[in-house]
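Undergrad: Quick one: sequence plus predicted model below, questions after.
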Amino acid sequence: MFDQVHSVNGVLIRLTDERWQHIVEVRDDLVDRSDDVLEVVQSPDWVTKGYRGSLVAWKGFGRRGYLAVIYKELGADDGFIITAFFTKKPKKRGKVWPK
(Lines give C-alpha, C1' and ligand atoms only; values in the text may rest on other atoms or scores of the structure.)
Protein backbone atom coordinates (compact mmCIF):
# COMPACT_ATOMS: atom_id res chain seq x y z
CA MET A 1 0.00 0.00 0.00
CA PHE A 2 1.40 3.40 -0.95
CA ASP A 3 0.66 6.85 -2.33
CA GLN A 4 2.41 8.37 -5.29
CA VAL A 5 2.88 11.67 -7.11
CA HIS A 6 4.97 12.93 -10.00
CA SER A 7 8.15 14.89 -9.27
CA VAL A 8 9.06 18.07 -11.14
CA ASN A 9 10.95 15.78 -13.55
CA GLY A 10 7.80 13.78 -14.30
CA VAL A 11 9.02 10.71 -12.39
CA LEU A 12 6.46 8.74 -10.38
CA ILE A 13 7.56 8.96 -6.73
CA ARG A 14 6.03 6.58 -4.18
CA LEU A 15 5.58 6.90 -0.45
CA THR A 16 5.33 3.37 0.93
CA ASP A 17 3.78 2.45 4.28
CA GLU A 18 7.19 1.25 5.47
CA ARG A 19 8.82 4.61 4.70
CA TRP A 20 5.93 6.57 6.18
CA GLN A 21 6.14 4.58 9.43
CA HIS A 22 9.88 5.25 9.54
CA ILE A 23 9.33 8.99 9.05
CA VAL A 24 6.63 9.40 11.72
CA GLU A 25 8.51 7.26 14.26
CA VAL A 26 11.31 9.82 14.18
CA ARG A 27 9.26 12.97 13.45
CA ASP A 28 5.94 12.97 15.24
CA ASP A 29 5.21 16.50 13.95
CA LEU A 30 4.50 14.89 10.54
CA VAL A 31 1.99 12.25 11.74
CA ASP A 32 -1.04 13.78 9.98
CA ARG A 33 0.89 15.40 7.14
CA SER A 34 1.45 12.71 4.50
CA ASP A 35 -0.52 14.83 1.99
CA ASP A 36 1.85 17.76 2.66
CA VAL A 37 4.87 15.50 2.11
CA LEU A 38 3.50 14.33 -1.23
CA GLU A 39 2.58 17.89 -2.24
CA VAL A 40 6.13 19.08 -1.60
CA VAL A 41 7.47 16.50 -4.07
CA GLN A 42 4.83 17.38 -6.66
CA SER A 43 4.85 21.19 -6.25
CA PRO A 44 8.02 22.33 -4.45
CA ASP A 45 9.26 25.89 -4.17
CA TRP A 46 12.64 24.54 -5.30
CA VAL A 47 14.69 21.31 -5.49
CA THR A 48 18.33 20.79 -4.54
CA LYS A 49 20.80 17.95 -4.90
CA GLY A 50 20.98 15.62 -1.92
CA TYR A 51 23.50 12.94 -0.96
CA ARG A 52 24.21 9.86 -3.08
CA GLY A 53 22.04 10.88 -6.00
CA SER A 54 19.00 11.89 -3.97
CA LEU A 55 17.01 15.08 -4.43
CA VAL A 56 15.53 17.40 -1.80
CA ALA A 57 12.23 19.16 -2.48
CA TRP A 58 11.61 22.30 -0.37
CA LYS A 59 8.39 24.18 0.38
CA GLY A 60 7.68 27.02 2.79
CA PHE A 61 5.06 26.46 5.52
CA GLY A 62 4.95 29.87 7.20
CA ARG A 63 5.96 29.87 10.86
CA ARG A 64 6.68 26.13 10.76
CA GLY A 65 9.57 26.89 8.47
CA TYR A 66 10.24 24.70 5.44
CA LEU A 67 9.26 21.11 4.80
CA ALA A 68 12.12 19.24 3.16
CA VAL A 69 11.40 15.91 1.46
CA ILE A 70 14.32 13.73 0.41
CA TYR A 71 13.58 11.36 -2.45
CA LYS A 72 15.36 9.33 -5.08
CA GLU A 73 14.53 8.97 -8.76
CA LEU A 74 15.57 5.48 -9.85
CA GLY A 75 14.76 6.00 -13.52
CA ALA A 76 12.39 7.80 -15.86
CA ASP A 77 9.29 6.31 -14.23
CA ASP A 78 10.15 5.12 -10.70
CA GLY A 79 11.31 6.67 -7.45
CA PHE A 80 10.61 6.78 -3.74
CA ILE A 81 10.58 9.09 -0.73
CA ILE A 82 13.40 8.50 1.76
CA THR A 83 12.48 10.90 4.57
CA ALA A 84 10.99 14.29 5.39
CA PHE A 85 11.44 16.96 8.07
CA PHE A 86 10.66 20.55 8.99
CA THR A 87 13.55 23.01 9.26
CA LYS A 88 14.00 26.74 9.79
CA LYS A 89 17.20 26.70 7.72
CA PRO A 90 16.50 25.81 4.09
CA LYS A 91 19.34 25.13 1.70
CA LYS A 92 19.48 26.60 -1.78
CA ARG A 93 23.02 25.51 -2.65
CA GLY A 94 22.99 22.87 -5.39
CA LYS A 95 19.62 24.02 -6.70
CA VAL A 96 18.54 21.95 -9.71
CA TRP A 97 14.95 23.22 -10.12
CA PRO A 98 13.85 25.72 -11.15
CA LYS A 99 16.97 26.53 -13.08
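TA: Right, received. Where do you want to start?

Undergrad: next structured bit after the particular helix or strand that has L15 in it?
TA: Using DSSP states H and E, L15 maps to strand 12-16. From strand 12-16 onward toward the C-terminus, using DSSP H and E, the following helix or strand is helix 17-26.

Undergrad: buried residues in that following helix?
TA: R19, W20, I23, V24 (16 or more other CB atoms under 10 Å). Where you see a C-beta, it was placed from the backbone N, CA and C, and this is true even at glycine.

Undergrad: Would you convert these into CSV that also reports distance to Y51 and pLDDT?
TA: As requested, the buried residues of helix 17-26 are exported to CSV (distance: CB to CB, whole Å; pLDDT from 0 to 100):
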residue, distance to Y51, pLDDT
R19, 17, 95
W20, 21, 96
I23, 17, 96
V24, 22, 96
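
Undergrad: Specify which member of those is nearest to F85.
TA: I23 (8.3 Å; CB to CB).

Undergrad: Make CSV out of the buried residues of helix 17-26 and add distance to R93.
TA: Shown next, in CSV, are the buried residues of helix 17-26 (distance: CB to CB, whole Å):
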residue, distance to R93
R19, 26
W20, 28
I23, 24
V24, 28
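
Undergrad: residue ranges for the strands of the protein, please.
TA: Secondary structure of the chain (DSSP state E): strands at 2-6, 12-16, 46-49, 55-60, 66-73, 79-87, 95-97.

Undergrad: Adding mean pLDDT and distance to R33 as columns, could you present those strands in CSV?
TA: Output for the strands of the chain, formatted as CSV (pLDDT from 0 to 100; distance: least, CB to CB, whole Å):
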stretch, mean pLDDT, distance to R33
strand 2-6, 91, 12
strand 12-16, 97, 11
strand 46-49, 98, 19
strand 55-60, 98, 12
strand 66-73, 98, 8
strand 79-87, 97, 8
strand 95-97, 96, 22
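
Undergrad: possible to save those as a markdown table with distance to L38 and mean neighbour count?
TA: Rendered in a markdown table, the data for the strands of the chain read as follows (distance: least, CB to CB, whole Å; neighbours: other CB atoms under 10 Å):
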| stretch | distance to L38 | mean neighbour count |
| --- | --- | --- |
| strand 2-6 | 5 | 15 |
| strand 12-16 | 6 | 18 |
| strand 46-49 | 15 | 18 |
| strand 55-60 | 10 | 21 |
| strand 66-73 | 8 | 21 |
| strand 79-87 | 8 | 19 |
| strand 95-97 | 17 | 14 |
